[in-house]
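Okay, structure incoming, though there's no sequence with it:
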């Protein structure tokens, strides 16, 4: 009898040690079908953990996190997912490398599995909503209906996974509500902006008349307008003196201008330097432009948009520079966002233009 009592005490002690130790780390295992990867990497909050994947796609490892939170998960082929980790979890994942994160499924109905299945399900459902533009371009009634649909859908996912980590669910709920509320509060302004953008996009389609510019100061003297170049193809480089990627294109553009010197194409560079980056002075902005044209010995036709830059950028929907535009001899758009001079495919495209 005494031996039995001692055995019970030992087993109880060992069991309690095992339970306590499990809370100090977590295990992460699973199978990735069609895997061509050798590792998975977990990153976030100062943690980097590399887990080896066997040839059959299976993996298993342990790790410790400083707090329960979402972490990035990368395959060695740069596929990306998200995983919610907490010490004490025993995560078992199945996935397919052909549809990496969207195919994540976790086994079990405990907190570990429910938390991660909850997040993946909400992510996939959220992706089905499209982008913000898809919401804001709708008329008011359809917009409200779509918001209600996704609110309801997000709530229904919570009910499917009742054991999901409460803190994570609350954070997700708060982020979703903030997102929907922001869309609702800004509907009128964003709806108008997106409609205007849609009109601009339509105008910039191939074959449409290119938005005009006129009387831009020409570095060589006088002014120039787009209409001055009717009869030849026009390749426009939009740049600014503060834009390093723009400057990096200069050598390639010079070579292009030299190579096509006797062809039916005009190379126009339009500086968008303005007063905002010149302490409120248009004169300083102009001086920056002329100085760089001289110092860099820029060739081609060098123009400055000056105070017309805002209109020009709006009509051509210029959100970033450098930007390159190709216009045909009739003044119609071929491509409002075409290849850069550094792109080897540009020459092939230009050589195929009829009558160049």
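Great, that's in hand. As the structure is a prediction and not an experimental result, all values here were calculated from the model. Residues are numbered from 1 along each chain as shown.

And the pLDDT for the spatially most central residue of the chain?
A centroid search over the chain (C-alpha atoms, centre = their mean) returns residue 131, at 11.5 Å, as the residue closest to the centre. Note on residue 131: pLDDT of 84.

before we move on, what about residue 128?
For residue 128, the pLDDT comes out at 89.

what about it, how many neighbours?
Neighbour count of residue 128, defined by other C-beta atoms under 10 Å: 8. Where C-beta positions appear, they are placed from N, C-alpha and C, glycine not excepted.

now do residue 209
Per other C-beta under 10 Å, the neighbour tally for residue 209 reads 11.

residues touching it, list them.
Shown in contact with residue 209 (C-beta atoms under 8 Å, 6 or more residues apart in numbering): 203, 331, 332, 333.

list the contacts for residue 305?
Contacts of residue 305 by C-beta under 8 Å, 6+ apart are 213, 216, 270, 271, 272, 312.

Doesn't the first one belong to a strand?
No - secondary structure assignment places residue 213 outside any strand; it is coil (DSSP: H, G, I helix; E, B strand; the rest coil).

what pLDDT does the closest residue to it other than its chain neighbours get?
Nearest non-adjacent residue to residue 213, counting by C-beta to C-beta, 6 or more residues apart in numbering: residue 226, 5.2 Å away. Residue 226 carries a pLDDT value of 97.

Surely residue 226 is in contact with residue 212?
Yes - the pair residue 226 / residue 212 is scored as a contact, 5.3 Å apart, by C-beta atoms under 8 Å.

neighbour-wise, which of the two wins?
residue 226 (17 against 11).

Low-confidence regions, this protein specifically.
1-22 (pLDDT under 70).

quick one, domains of it?
Domain assignment for the chain by automatic domain parsing gives 21-107, 129-203, 216-350.

Show me which of the contacts of residue 305 is closest to residue 122.
residue 272 (41.4 Å; C-beta to C-beta).

So which residues of the stretch 101-250 of the chain form strands?
Here the stretch 101-250 of the chain has its strands, by DSSP state E, counting those that start in this stretch, at 105-106, 216-218, 223-224, 233-239.

Output those strands as JSON lines; include the columns mean neighbour count and distance to residue 57.
JSON lines is the format used below for the strands of the stretch 101-250 of the chain (neighbours: other C-beta atoms under 10 Å; distance: least, C-beta to C-beta, whole Å):
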{"stretch": "strand 105-106", "mean neighbour count": "20", "distance to residue 57": "14"}
{"stretch": "strand 216-218", "mean neighbour count": "18", "distance to residue 57": "60"}
{"stretch": "strand 223-224", "mean neighbour count": "17", "distance to residue 57": "62"}
{"stretch": "strand 233-239", "mean neighbour count": "24", "distance to residue 57": "48"}
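
Distance to residue 297 added to those strands, as JSON lines?
Shown next, in JSON lines, are the strands of the stretch 101-250 of the chain (distance: least, C-beta to C-beta, whole Å):
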{"stretch": "strand 105-106", "distance to residue 297": "61"}
{"stretch": "strand 216-218", "distance to residue 297": "17"}
{"stretch": "strand 223-224", "distance to residue 297": "20"}
{"stretch": "strand 233-239", "distance to residue 297": "15"}
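
hmm, back to that, out of the domains of the chain, the one nearest residue 123 is which?
Nearest of these to residue 123, taken as C-beta to C-beta: domain 21-107 at 7.2 Å.

Just to check, residue 79 is in contact with residue 98?
No - using C-beta under 8 Å, residue 79 is not in contact with residue 98; the gap is 9.6 Å.

In terms of neighbours, single out the busier of these two.
residue 79 (17 against 12).

Find me whatever residue is spatially closest to that one, sequence neighbours aside.
Excluding the flanking residues, the one nearest residue 79 by C-beta to C-beta, 6+ apart is residue 100, at 3.8 Å.

Which other helices and strands does whichever strand or helix holds residue 92 contact?
Residue 92 is part of strand 90-96, with elements assigned from DSSP states H and E. Here strand 90-96 touches strand 26-33, strand 80-85, strand 105-106, helix 111-127, going by 3 or more C-beta pairs under 8 Å, 6 or more residues apart in numbering; DSSP states H and E.

Compile these into a markdown table and extend it with columns for distance to residue 171.
Output for these, formatted as a markdown table (distance: least, C-beta to C-beta, whole Å):
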| stretch | distance to residue 171 |
| --- | --- |
| strand 26-33 | 19 |
| strand 80-85 | 10 |
| strand 105-106 | 19 |
| helix 111-127 | 10 |
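
Out of these, which is closest to residue 137?
Comparing those by C-beta to C-beta, helix 111-127 comes nearest, at 18.1 Å.

Now do the SS call for residue 67.
Reduced to three states by three-state DSSP, residue 67 is coil.

ok, so what distance separates the nearest residue to residue 193 once chain neighbours are set aside from residue 202?
Closest residue to residue 193 apart from its sequence neighbours, by C-beta to C-beta, 6+ apart: residue 136 at 8.0 Å. Counting by C-beta to C-beta, to the nearest Å, the separation of residue 136 from residue 202 is 17 Å.

Determine which of the helices and strands packed on strand 90-96 approaches residue 186 most closely.
So among the helices and strands packed on strand 90-96, helix 111-127 is nearest, using C-beta to C-beta, at 18.8 Å.

Show me what counts as buried in the closest one.
111-123, 126 (16 or more other C-beta atoms under 10 Å).

try stretch 74-87
In stretch 74-87, counting by 16+ other C-beta under 10 Å, buried: 74, 75, 79, 81, 83, 84, 85, 86.

got it, and stretch 172-179?
Buried residues in stretch 172-179 (16+ other C-beta under 10 Å): 172, 176, 179.

I'm done for today, thanks for sticking with me.
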